[in-house]
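Asks: Provided below for reference: sequence and predicted model.
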Amino acid sequence: MRDDEKKFLVALQDYRQSLRRALRASQNVLCSLIEHITAIEGSRLTRLEVQEVIQERTRFDYPEKDKRMVRDYTSGLFYVMFLYRNRLPLTIERIERLNHLVMRHNGEVTYDEEDHMIDTRKGKIREVSVYWEYHKFIDHSKIHETLEPLLRITNEQLSQKQSVLNSHRIAFDLHGKFLGIHPFFDGNSRTSRLLQNYVQGWYRQPLSTVRFENASIYKDTLLRSWEEEDPHIFNNYMFGQTIDFFRMVEKEYHIGKQYQKIEIKPLIATKQYRLSSKIQQ
């Protein structure tokens, strides 16, 4: 076992103890996840503001785009929780549903180079080429033949008992490889991080994400991993990022008493975000 893997296991054990000490910690972690994910995508809302948006009791006039992003991502997170709690395997249809949820109110209608209309809110597999900085993703004609084996392998791994390290390794691997396929025109980053949480939740591991302060290094590591065709580059980086996220949450629970406990029920109860009976399985 490598030194970084040993450090990860120690950090994970400490983090679990911290969660047990804070009875409502798991609910507060949702706010941390949503705050950092949406901040990477441009949201300026703090965790307290994210909490207020989720509870639909905003006291101030927050930017409408940021509020829509938080609500959409929260819907996506609830959908992922529904999937892993009900032991539902990953399919392309469920991936499309997930992308639709995280983009449905903050996506947009745009046009490609040939003036074809693209509605990023629909959650449909892209039919055009896309780039991220200097990196060109696979051609749209090869998305299904690349994505289907990834989902099949992941489902096979999920059907087997895994060690703690392997469960997180599978989560990070799916995160990086899915994002490398980039099956949608927009919302791939948010979808990929939720897929990481799906695997972590499947194995009853703490959910984690990338801190927004590390967004630049995160993107550089992804690009290097794709260019060198070495997923271990990204996976090893994510072990360190997860430790960083655990330490951040632990610190805030020790000194951040101003953060109130969060109740998710008000969001679930609203008609617009009701998922329990309307999720497309």
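Replies: Yep, it's here.

Asks: Which parts of the stretch 51-200 of the chain are helices?
Replies: 64-85, 92-103, 143-158, 164-181, 188-202 (DSSP state H, counting those that start in this stretch).

Asks: how far is the first one from where the chain is centred?
Replies: Here the centre of helix 64-85 is set off from its chain's centre by 9 Å, with C-alpha atoms, centre = their mean, to the nearest Å.

Asks: Counting by contacts, list what it packs against.
Replies: Helices and strands touching helix 64-85, by 3 or more C-beta pairs under 8 Å, 6 or more residues apart in numbering; DSSP states H and E, are helix 25-40, helix 47-54, helix 92-103, helix 188-202, helix 265-269. C-beta: built from backbone N, CA, C; applies to glycine.

Asks: So which of those is the most surrounded?
Replies: helix 188-202 (a mean of 24; mean count of other C-beta atoms under 10 Å).

Asks: Show the average pLDDT along whatever helix or strand comes next after that one.
Replies: Next helix or strand after helix 188-202 toward the C-terminus (DSSP states H and E): helix 215-227. On average, the pLDDT along helix 215-227 is 95.

Asks: Quick one: distance of helix 215-227 to the chain centre.
Replies: 16 Å.

Asks: And stretch 227-246, by the same measure?
Replies: The answer for stretch 227-246 is 15 Å, by C-alpha atoms, centre = their mean.

Asks: And that stretch, what's buried?
Replies: 231, 233-246 (16 or more other C-beta atoms under 10 Å).

Asks: The closest residue to K122 other than its chain neighbours and T221, how far apart?
Replies: Leaving out its chain neighbours, the residue that sits closest to K122 by C-beta to C-beta, 6 or more residues apart in numbering is H100, at 6.4 Å. If you measure H100 against T221 using C-beta to C-beta, to the nearest Å, the figure is 28 Å.
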